[in-house]
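> prediction below, plus the sequence it came from.
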Amino acid sequence: MAVTARKRPAPPAPATAPAAQTSDPGRPISLQQAMDRARAALQDITPLPIEGIASSERDPGGWRIVAEVLEAPARMGDNDLLAAYELALDPTGELTGFRRLRRYHREDREE
């Protein structure tokens, strides 16, 4: 009696985070891709929790994304210390600049 070997199915490919996906060389990334890449870059730069993306705009050099980060949680109430960080991405999504714009308490946030 002959024994037949069974082939095992190949394991699934690991999921790639949107920020790590590469785009076609020279092809500009979309707004959603820019926000995803800015968030991933900020997480690489600082371990602080990201509250959200406050603004994003395309400019001649690529994208300008402003993200809010929780720098120090309040002991009581809504007095968390937040910071707004601006990230500059080139048209293909590579980080080209980073700076903190301002620090403020959550209760002082401009709505």
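Now that the structure is in, tell me what you want to look at.
> neighbours around R99, how many?
9 (other CB atoms under 10 Å). C-betas here are computed from N, CA, C, even on glycine.
> likewise R58?
Neighbours of R58 using other CB under 10 Å come to 15.
> pLDDT weak spots in the protein?
1-25, 77, 109-111 (pLDDT under 70).
> mind listing the strands for the chain?
Under the criterion DSSP state E, the chain contains strands at 50-59, 62-72, 81-89, 95-105.
> mind listing what's buried in the last one?
Of the residues in strand 95-105, L95, Y104 count as buried by neighbour count, 16 or more other CB atoms under 10 Å.
> now do that strand and strand 50-59, the angle between them.
Relative orientation of strand 95-105 versus strand 50-59 (axes from the mean of the first three to the mean of the last three CA atoms, to 10 degrees): 130 degrees.
> is it possible to get TSV of the strands of the chain that adds distance to D44?
Formatted as TSV, those follow (distance: least, CB to CB, whole Å):
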stretch	distance to D44
strand 50-59	12
strand 62-72	13
strand 81-89	11
strand 95-105	9
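> nearest to R37, out of these?
Taking CB to CB, strand 81-89 is the member of the strands of the chain nearest to R37, at 6.1 Å.
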